[in-house]
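> quick one: sequence plus predicted model below, questions after.
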Amino acid sequence: QKTDVMLASDNRKYMENISLSVNRLGSLVNDILEVSRLEDNRIPINILIVDPEPLIRGCIEEMKSEIIRKGLTLNFFPLNIRPIKADPERLKQVVINLISNSIKYTPKGKIDVTLATKDDVMQIIIADTGIGISAEEQANLFQKFYKIQNEHTKNVESTGLGLWIAADLTRRMNGKITVESIGGV
């Protein structure tokens, strides 16, 4: 019976590894297809009047299991919210990409998502206690296939496409995406 338990345990580990590999490959294929559609202008942008608070809450809820698995805390601060003009599906895609990135590069601590209106502009600010990004890395951050390569990122799984996709979709919705960080902070 010990042999059966050991085989079951080994099989479970193999299945978990296969599942992770399939998910990773699926993400890569989806990202590459999304880049292709964006470059060929084959993604329709349907601008609507959107209440951003429930949309952002939904994104956070979708990412909750990953946040818990990593042992992070996520706080949401909705401040002075007004409806905005955006494609709700594409806005959701952008926010999920950004939160996912924060999760990947935050080994411990917290992620704060703030939704606020400032000077008639809706801001979605995602701040984390992650590894920080140097000025040189920031200059390339929204380029296709760019991944920060250092001691802290060597085990982070990434296609290097998520931020490019987020930036392109944001631009197509007449928005702007920026980053502020200090390397190692």
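Noted; the coordinates are in hand. Numbers count the residues shown, from 1 in each chain.
> quick one, strands of the protein?
48-50, 73-79, 84-86, 110-118, 121-128 (DSSP state E).
> and among these, the most buried is which?
Ranked by mean neighbour count, the strands of the chain are led by strand 84-86 with a mean of 19 (mean count of other Cβ atoms under 10 Å). Where C-beta positions appear, they are placed from N, C-alpha and C, glycine not excepted.
> elements contacting that one?
In terms of contacts (3 or more Cβ pairs under 8 Å, 6 or more residues apart in numbering; DSSP states H and E), strand 84-86 is packed against strand 48-50.
> just checking: what are the partner strands of the strand it packs on?
Under the criterion DSSP bridges, strand 48-50 sits next to strand 84-86 (antiparallel) in its sheet.
> any idea of the mean pLDDT for the strand it pairs with?
Strand 84-86 shows an average pLDDT of 93 in the prediction.
> in stretch 42-57, what's buried?
Ile43, Val50, Pro52, Leu55, Ile56 (16 or more other Cβ atoms under 10 Å).
> count the neighbours of Thr170 for me.
21 (other Cβ atoms under 10 Å).
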